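Novice: please find the sequence and the predicted model below.
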Amino acid sequence: MDYTPWPEVGCSLAEARKRTADRVLASRLARSHSNNKDVETQSVEEQIDGECLELLKSGRLIAYGRSDDLNADLQRIRSESWSTVSGIEWQISSAEFGGTGEIALADVRVYPPLLAPCRSDSLEGSTLAEAFGQFVLGDPEVKVLGADAVRLAPDFKAVFGWGRCQVHGAEEWPIAFERWGMVNTVHPDPQKRSKFDNGRVPDPLEVVIAVEALKHRYCVLISILRRGDVEGHGLPFVQGHPNLIPRSVWSHEEFWLRMNTGDVLQDNRDSRSRVDRLSKRWSGVVLQSRATANRHVKTNEVFHGKPLTYQGLPWSTSEPPDNRSRSLRATSRVEAKMKSRKDCEAWLREVMERSPADRVWSKSELWEQAQKKWPGTLTLRQFIAARSDAISATNAFAWGAGGAPRRPQHRNRRTK
């Protein structure tokens with residue numbers, strides 16, 4: 001069975017739990033069911049439930065629900081509300097909130113952030129590199145499928161770990177995803193291979209499924225930009241470029257994305273070798289909803305109020321000194337934010353690995369320390385994502401529980 005995209009209308013709680021469950025745990029659950037090991041089954045089910053609940057708490061999954069009246073409108077369940085959940089009925093997709101369950105919501109629908117109705121809010125203010133890392137590579141379903149793929153085919157770490165477009169080829173992702181290939185795989189079923197796959201060793205089905213999930217999320221991200229739900233604003237590298245990236249660029253076959261930096265590149269018509277086949281056009285790309293952009297950014301006069309259409313951009317490689325200095329400053333800020341996010345996750349992993357089953361710091365205490373370690377370069381959203389990733393990487397699921405933490409016996413609780 002090949003990959004089935006996440007439904008546009010969202011999943012039930014049970015289906016979301018199934019899609020985002022760690023594949024090793026899911027295999028253990030299936031074995032315990034077949035061997036009638038009730039105690040082990042309950043333990044694994046509780047662990048899978050806890051992982052899915054942590055995704056909802058951290059905002060890596062977004063849920064909507066309605067009151068008992070099924071004709072009522074769906075309303076978003078804020079991520080912080082899941083810390084007060086008093087009961088979840090996974091199979092009928094309902095949840096109660098508050099100590100006494102005073103708030104009950106039925107028909108709960110769960111989405112990855114890129115597919116949720118509030119997708120523009122999730123992307124608002126993110127750099128393009130952050131959006132790709134958090135909502136494409138870091139998508140909960142893509143992440144568990146990718147981990148399984150890398151376990152079976154370690155070479156695919158280049159894709160799922162480093163964000164490259166090809167395992168052994170180009171790292172840049174095509175904006176015109178309909179035209180150019182992405183993350184090539186060889187299907188194990190000969191009937192589903194292309195004529196170019198003849199003679200190549202087939203990949204495991206798990207790898208093919210993980211790649212399809214990853215490409216689905218990438219195509220969703222580009223489609224959001226094409227529709228104009230959010231807009232990309234970057235620092236131009238060529239005189240004459242606008243700061244606002246024209247919408248038509250997001251479907252043009254000449255443009256590419258380097259996701260580790262968030263740069264937008266264009267085919268170089270004067271290329272003389274593979275080294276200079278692409279030219280950088282925008283760097284430090286930040287995503288904004290159209291409403292925010294209209295409040296803070298005036299449309300570049302180069303368009304004279306006409307609809308955005310691609311009519312070619314200057315090919316001069318010269319750049320005014322002022323633009324160059326602003327580009328470097330912006331790039332430095334983006335790199336600082338990305339480094340802080342990675343360093344924060346590494347620090348949290350170290351803290352959790354010391355005490356994986358005993359949570360000695362609350363989320364707010366960790367956030368307070370993180371702010372001191374990375375002042376001005378680490379956002380709360382980045383911290384929450386880093387904390388969630390650290391919990392998953394270390395299997396320290398106790399750190400995702402609510403309530404007051406258990407304190408160590410010694411006085412000095414300072415982390416390094």
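Specialist: In hand now; what should we look at?

Novice: drop to CA atoms for contacts and neighbour counts, all remaining ones
Specialist: OK.

Novice: so for the chain, the centremost residue is which one?
Specialist: Centroid-nearest residue in the chain, with CA atoms, centre = their mean: Phe135, separated by 1.8 Å.

Novice: my guess is that one contacts Ala116. True?
Specialist: No - applying CA atoms under 8 Å as the test, Phe135 and Ala116 come out as separate, 11.4 Å apart.

Novice: ok so, going back, and the gap between the residue nearest to the centre of the chain and Leu378?
Specialist: 18 Å (CA to CA, to the nearest Å).

Novice: repeat that for Val136.
Specialist: Val136 sits at a distance of 20 Å from Leu378 (criterion: CA to CA).

Novice: where do the helices of the stretch 101-250 of the chain begin and end?
Specialist: If DSSP state H, counting those that start in this stretch is used as the criterion, the helices of the stretch 101-250 of the chain fall at 119-123, 128-131, 140-152, 157-160, 205-227.

Novice: can you pull the poorly scored residue ranges out of this structure?
Specialist: 32-39, 68-70, 99-102, 291-335, 402-416 (pLDDT under 70).

Novice: quick one, domains of it?
Specialist: For the chain, automatic domain parsing gives the domain ranges 13-111, 120-319, 333-400.

Novice: export those domains to TSV and append columns for distance to Pro5.
Specialist: Below are the domains of the chain laid out as TSV (distance: least, CA to CA, whole Å):
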stretch	distance to Pro5
domain 13-111	10
domain 120-319	7
domain 333-400	23
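
Novice: how about the ones you listed, which one is nearest Thr4?
Specialist: Ranking these by proximity to Thr4 (CA to CA) places domain 120-319 first, at 8.1 Å.

Novice: please, which helix or strand holds Arg281?
Specialist: Assigned by DSSP states H and E, Arg281 falls within strand 278-289.

Novice: mind saving the C-alpha coords of that strand as PDB?
Specialist: The C-alpha trace of strand 278-289 is given here as PDB (Å, rounded to 0.1, in the frame of the first residue of the first chain):
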ATOM      1  CA  LEU A 278      22.400  28.800 -10.300                       C
ATOM      2  CA  SER A 279      22.400  32.400  -9.300                       C
ATOM      3  CA  LYS A 280      21.200  33.600  -5.900                       C
ATOM      4  CA  ARG A 281      18.200  36.000  -6.300                       C
ATOM      5  CA  TRP A 282      16.800  36.400  -2.700                       C
ATOM      6  CA  SER A 283      18.200  35.500   0.700                       C
ATOM      7  CA  GLY A 284      16.800  35.700   4.200                       C
ATOM      8  CA  VAL A 285      13.300  35.000   2.900                       C
ATOM      9  CA  VAL A 286      10.600  35.700   5.500                       C
ATOM     10  CA  LEU A 287       7.000  34.600   5.200                       C
ATOM     11  CA  GLN A 288       4.100  37.000   5.900                       C
ATOM     12  CA  SER A 289       0.400  36.700   5.500                       C
END
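
Novice: pull out the buried positions in that strand.
Specialist: For strand 278-289, the neighbour count (16 or more other CA atoms under 10 Å) marks Leu278, Ser279, Lys280, Arg281, Trp282, Ser283, Gly284, Val285, Val286, Leu287, Gln288, Ser289 as buried.

Novice: same check, this time on stretch 346-359
Specialist: Neighbour counts using 16+ other CA under 10 Å place Ala346, Trp347, Leu348, Arg349, Glu350, Val351, Met352, Glu353, Pro356, Asp358, Arg359 of stretch 346-359 among the buried residues.

Novice: please identify which two of those are farthest apart in space.
Specialist: Ala346 and Asp358 (18.5 Å).

Novice: one step back: any chance of TSV for the buried residues of stretch 346-359, columns secondary structure and distance to Pro140?
Specialist: Output for those, formatted as TSV (DSSP: H, G, I helix; E, B strand; the rest coil; distance: CA to CA, whole Å):
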residue	secondary structure	distance to Pro140
Ala346	helix	19
Trp347	helix	22
Leu348	helix	19
Arg349	helix	18
Glu350	helix	22
Val351	helix	23
Met352	helix	20
Glu353	helix	22
Pro356	coil	21
Asp358	coil	25
Arg359	coil	23
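
Novice: make sure Phe132 is actually in contact with Met259.
Specialist: Yes - with contact defined as CA under 8 Å, Phe132 counts as touching Met259 (6.9 Å).

Novice: just the strands in this structure please.
Specialist: With DSSP state E as the criterion, the chain has strands at 62-66, 75-77, 85-89, 94-97, 103-111, 173-174, 230-236, 255-258, 263-267, 278-289.

Novice: of all these, which lies closest to Ser126?
Specialist: Closest to Ser126 of the strands of the chain is strand 278-289 (CA to CA; 5.6 Å).

Novice: what does the closest one rub up against?
Specialist: Here strand 278-289 makes contact (CA atoms under 8 Å, 6 or more residues apart in numbering) with 120-121, 123-128, 229-238, 241, 261-268, 271, 327, 330-331, 334.

Novice: one more: stretch 55-74?
Specialist: 75-83, 94, 104-113, 116, 139-140, 384-385, 388.

Novice: please identify the buried residues of it?
Specialist: Quick answer for stretch 55-74 (16+ other CA under 10 Å): 55-67, 74.
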